[in-house]
Structures are given as C-alpha cells and as structure tokens.
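Asks: show me how the following folds:
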Amino acid sequence: MGTLNHSSGLTHFPFEVLTNIIFAIPLSFWNFRVESTCMRKILLKKKHDNPSKQRHILFFASFLLFLGQIMAQTTFADNFSSISYSNSDGNTPWATDWTESGDSNLGPTAQYIRIQSQQLYMYWLWTEEIRRTVNLTGATSAILSFDYTSNSLGGTRQLGVYISSTGGAPYTQIGTLSGNGTFTQDISAYISANTVIRFAKSNANWNSDDNASIDNVLISAIIPVDTDGDGIEDVADLDNDNDGILDWDECTFVATTTQNFTASGGTSVTNTATSGFGSMYIDFISIDNSFNLTVNGTNIATEFQFQPGAPGNFARFDTGFTYGQAGVPQLWSMTGTLANPMLRVIVDADGNLKLFGAQSPGGTLLPLTLDTPPVTVPWNPSGTNTITIGQLVTGPTNMNGQLRFSGECDTDGDGIFNRFDLDSDNDGIYDAVEAGHGQAHTNGVVNGAIGTDGIPNLVQTDPNGGSVNYTYSDSDGDGILDSIALDSDNDGCNDVLEAGFTDDNTDGLLGPNPVTTDVNGVVTSGTDGYTVPADGNSDAVFDYRQAGAPPSITTQPTNTIICPGCSGSLSVSATNADLYQWQRFIGGVWTDISDNAMFSGANSATLNISNPTPSQNGEQYRVVMDNLAYTCAQTTSTIANLQIQVNTIITNRRITYRVQKN
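Replies: The predicted model follows:
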C-alpha cells in the first residue's frame, strides 16, 4: 500500500501499486564537477539517469472529488509532470517557483538538481539545495507530504527536509530521509505568508553514487472561509452576510426542522431532517457533562466530554482547560436558556462541525476544541438526514435543548445561497432593508460591531446571544419573508416597481433579463436599485410593504355646456386618488392640460374652464388618476364633451323708425 496525495485536498488516501516502480541507473555519460576553487581539484563523476517511472493506481476519481469538496481544503502541489520549476498542480498556485542555489545549472534540465522522469531528482549533494515558497496566510493548519526514493543514502549521508516561516534563513530541519517511503509532517507551526520548504543534504556530503527523488509534493492547508469578512468563519457565523437575518431563517419556504428535546438516563433523541445539504444547530440548555452525536449512522466524535477525569473526547477552551477547571464551574451545575444556551453545536452544509460553550449562565459562547477532531458530518444529498443525540449511561444523565436543521436555498437562482446573498430575490432592495429591523446599513451590510456569533450587535438585545431583537417583516402574512418575496404586500404590484426601480420585462426582478449579479448576489445588470425604496404617500411605510390599489372612480365626469365668454367645469369623484391629470383630445392625440388663462385645476378633481371659444365646441376631455402608493396602474375616466352654446337673443319687433325731412 502507498499514499495518494490528491490535489483536491484529500491527504494520504490509500492506494495499491499494481506494478512495481523500477529505477535503473545506466552509465550514460561522464560529468566533471568543480566543487570549490580552493579544493584545487576536479572530481570525475558518472551521471545517473532514472528511466521514466510507471505507476498504476486504482481509485474512484469522482469519490475523491466529492470528498475534496466536502473537506474544502486549500492545496499547493507539484507532481513534476513537466520539466519546469513553475508547475502548480493544486487548487491554489504557489507563491514562487522552485529555486536552486549552489548548483552549476540553476534550471530544471541538468546538473545535480533537476526534474527527471517526472520527479525532482537530486544527486551528489554538497552545497546544492532547492526551495519553494507558499502563502499560507489565514490557514489554521497545514500538512506537508511527498513520496521519496533514494539510492545509497544512509549513515550520515541523508536528505534533509527543512522549513522556514520567514521566507528564508533560519530554517528548521523537520526530516532526515534515506530509503524509500512517504513523508508526512504537520507544518502548522510554520504558517505564514512566506512559508518555505527546502531540500538539501543532511550532515555529510553525498558520494557520487548517492541520489534521491521526490514526487507528489503536497501542502494541504485548512483556511477557514469568512464570506462576510467579519472575523467569524462561516461555520461559526450565524449571519453569514451580516444582513441581520439569521442564516437558518433565510429559507422560510424550505422545510426547517425544529425539535425541542429533553432526555435522561441515556435515552436518545432522533430527528429526521430535511433532504439534502443544510446547516444544523444544536443548543443545550442544560446537560450532564457529555453527549454523543450520530448523523446518518456515523458517530461524529465518539463522546463529547466536559467532565474532568471521565473518559471521552475532551472539549477544551482556548486556555486548554475544560469545565470544572481554572475557575470555570462544572457544566452540570449551570442552566441556560434557548436564547443563551450553555453549549452550541453548529454543522455547516459542508459537514464541518464547530462547538461552543458558555462559562456561566447567560455568558458568551466561546469556541471549544475537541482533543480528537470530529469527522466530517456525512449529509445525505438525495434523501433525509437522521440525527441522533444520546448519552452513555455512567450515572444520572440528562440533557435538554433544541435541535434545528435548515436546508440550503437560492431563491433567485443566481448561484449564491441566501445566507450569503445580500439581495436574495434580486428585486433591487437589500435584504437588510426588507428584513424589517430598520437599522442603518452600508451596501446591504448592517453597520456597527459584529458579535462573536457573527450577528451584528445592532439587531441583538444581548450581543453574542445568537438571536435577534426584532420580528422579520412579512408584510402580507403569507409565511414568506419580504426578503425573498417579489410582491411583499400581495397587491399585484411587484416590489421592484413599488420601490421606484426599473423592471424591463415585468418579471419582478431588477433590470432586464437575464439578470447578472456580483459575488454578493447584488444585481449589476440594472440601471438603478439599492437606494431608499419609495414612500409615495409619505406615511413612513415603504410602498412595497403597503398593499395598494389603483384609484377607483365613484362618479364619472359628465358632458358640460358653456356659453362663449362664460365659465364651467368638469369633475370626477374617486377613492385612492392622489394625482390628477386632465387631458383634452386635440389633433387625434390626448394632450395634458396645464393651468393657464382658460384652464385651472388641471391637476385636481375639478377642471375649471373659462371663456371657451365657439371653435372648442365638441372637444373631448378626460382625467387620468394615480395612487402615489401604487405605481403599477393608473385609472382613466370616461370621456366628457364640451358644448359651446350661445345664449338666447331677445328682440322687439314693434320698434319703428321715422325718417325726418331735412
């Protein structure tokens, strides 16, 4: 058996070599080597070349890829598949190429250090060395591994493996190699932005027939992801986009399983949770020192133990102490609440587990680390997930608390899960606005300090309490939060329009179709959006939250008769009408009327007409009305006609005239 170092992040996956690896050493040509001018001699040396290696490995690539994604490791690798010192076969590039020193040829093609037969080949080392730098900034752990073979090495002539965290000297020797095998070393103590690994001789100079080959160099690093940059890694962050909505509440239309539990005497609690990937939260209000957690038949960490002197997998604070030590009370002696539990277990969608504990009732939840790391939780991506919490009965045992499982969702289908998405429905209104907490934000991120639970303090009564101090906005009461509803008030007018933004194709999404977004789920293809939503009637309630309707006419305008030089009016009666615009039909087009010498009240319920001329006889008029709180539709009245009618002329037919003679 051997070890496969897979570039996706799996380290030391067992494999079986079905064909032996054979190294032949032909005497192909002679090299001359000048070691030092002060030695005043030339050493004659035969050059050793390895033939191409043959290795046949049987494994399931898709399985490795899946596990690599679950582990979410950052890898830096070089399999020496080409004759180049810049090869990078991991999921993250190295900081530098391989760099030789002390060799008469500083490239990968010749002399004492070179790439040969898809391996890093070194022979007859005296002062020669080779090194490479990697940037491990942010990593919490790192492991170096590689395969090696050697010929003739032994005693004081060995290959040294060195490391530095300063980008160069001084180096620390972490390995002395001869023979064949696989080297694995935890290098977490040397994590830096300039971590250097180096190969050079160890102790005595090598003989001319000494050589070693290195292959499958891999550095696997765990770099916690902190999507919102608040200093709380995602797996421990209850609000991964800092919009003020807890992650487990970002998917109200996906089944969220919540179960309160109370058990004693070793009784187990089993919960069958939502299908697929999701996040799980277990809060313990009280517990008698230990518990076991099994997910889909896999025991995650044997026994989570908090009682000094008892067997199990101990959970310790950053100080190295657990409950009942260094002034921290025994866990069994304290009781919390659902708002402020004593213990919290969080498992994210990738199966990563984090444990937190309070050192006093109502105290801040602090990170706890298990002596033996837990295994990755095996979520079932295509079926239900069975979660069992239990206790080993070694005395009076009890526990009570709450288990919550929330599935992942991407409401707007933009490829960003709601818990990372600042606009989960792509309507151009930040989730931080639609949430309903009313707190100030910057580009959708709530302002101010962030608690150790990852929740902005402005939306918490008790900072670090793991809960919020307001009720999520669900304007129409349909059980779907405004942050993921396209018509929050269910009035038939989409939020994007009621907010005062542009929706080119009336699909409820900001801008044209298709929609494009940035890495935070914010629409970038629109021409507007993300400003303060409209409040047309200035009642301190955003229009998209306030159900509205177009104006409704109770009395239509009627035809009116006005004589030349006289005055008259046209009127309408309507409800929900805030804006009026009277129009008249001229030249085949409806034209807005403005107040002037002839018209007044053009923007009111009554249009006054003064001194019309006979040429206006038969003109048509109407009024268009708007509700300021409802932008989706106008209401237009029926047509009223203007009739110009001359007043009656009175004559006296009996009047006679006499013409007098001059």
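
Asks: so who does the residue most central in space within the chain touch?
Replies: In the chain, the centroid-proximal residue (C-alpha atoms, centre = their mean) is F420; its distance is 3.5 Å. The contact partners of F420, taken as C-beta atoms under 8 Å, 6 or more residues apart in numbering, are 227-228, 240-241, 520-521. Every C-beta, even on glycine, is put in place using the N, C-alpha and C of the backbone.

Asks: same question, Q556
Replies: Taking C-beta under 8 Å, 6+ apart, we find Q556 in contact with 572, 637-638, 640.

Asks: of these - the most surrounded one?
Replies: In terms of neighbours by other C-beta atoms under 10 Å, the contacts of Q556 top out with V572 at 25 neighbours.

Asks: before we move on, back to that, next one: the residue nearest to the centre of the chain from V519, what distance?
Replies: 9 Å (C-beta to C-beta, to the nearest Å).

Asks: ok, N105 next?
Replies: Taking C-beta to C-beta as the measure, N105 falls 45 Å from V519.

Asks: circling back: looking at the contacts of F420, which is nearest D476?
Replies: Within these, proximity to D476 (C-beta to C-beta) peaks at G521, which comes in at 23.3 Å.

Asks: next, count neighbours for the closest one.
Replies: With other C-beta under 10 Å as criterion, G521 counts 25.

Asks: for stretch 500-509, list the C-alpha coordinates in PDB.
Replies: Output of stretch 500-509 as PDB, limited to C-alpha atoms (Å, rounded to 0.1, in the frame of the first residue of the first chain):
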ATOM      1  CA  GLY A 500     -39.400  53.100  -7.600                       C
ATOM      2  CA  PHE A 501     -36.900  51.000  -9.700                       C
ATOM      3  CA  THR A 502     -36.900  49.600 -13.200                       C
ATOM      4  CA  ASP A 503     -38.200  46.200 -14.300                       C
ATOM      5  CA  ASP A 504     -37.700  46.000 -18.100                       C
ATOM      6  CA  ASN A 505     -39.700  42.800 -18.600                       C
ATOM      7  CA  THR A 506     -42.200  42.800 -15.600                       C
ATOM      8  CA  ASP A 507     -40.700  39.600 -14.100                       C
ATOM      9  CA  GLY A 508     -40.300  41.200 -10.700                       C
ATOM     10  CA  LEU A 509     -36.500  41.300 -11.000                       C
END
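
Asks: who's in contact with that stretch?
Replies: In contact with stretch 500-509 (C-beta under 8 Å, 6+ apart) are residues 412, 425-428, 486-487, 494-497, 510-513, 515, 523, 526-529, 531, 533-534, 543, 631.

Asks: and it, how far out from the chain middle?
Replies: With C-alpha atoms, centre = their mean, to the nearest Å as the basis, stretch 500-509 stands 26 Å off its chain's centre.

Asks: what does stretch 402-415 give?
Replies: With C-alpha atoms, centre = their mean, you get 12 Å for stretch 402-415.

Asks: what residues of it count as buried?
Replies: 403-412, 414 (16 or more other C-beta atoms under 10 Å).

Asks: and if you look at stretch 551-564?
Replies: 551, 553, 557, 560, 562.

Asks: ok, stretch 231-245 next?
Replies: Applying 16+ other C-beta under 10 Å to stretch 231-245 flags 232-245 as buried.
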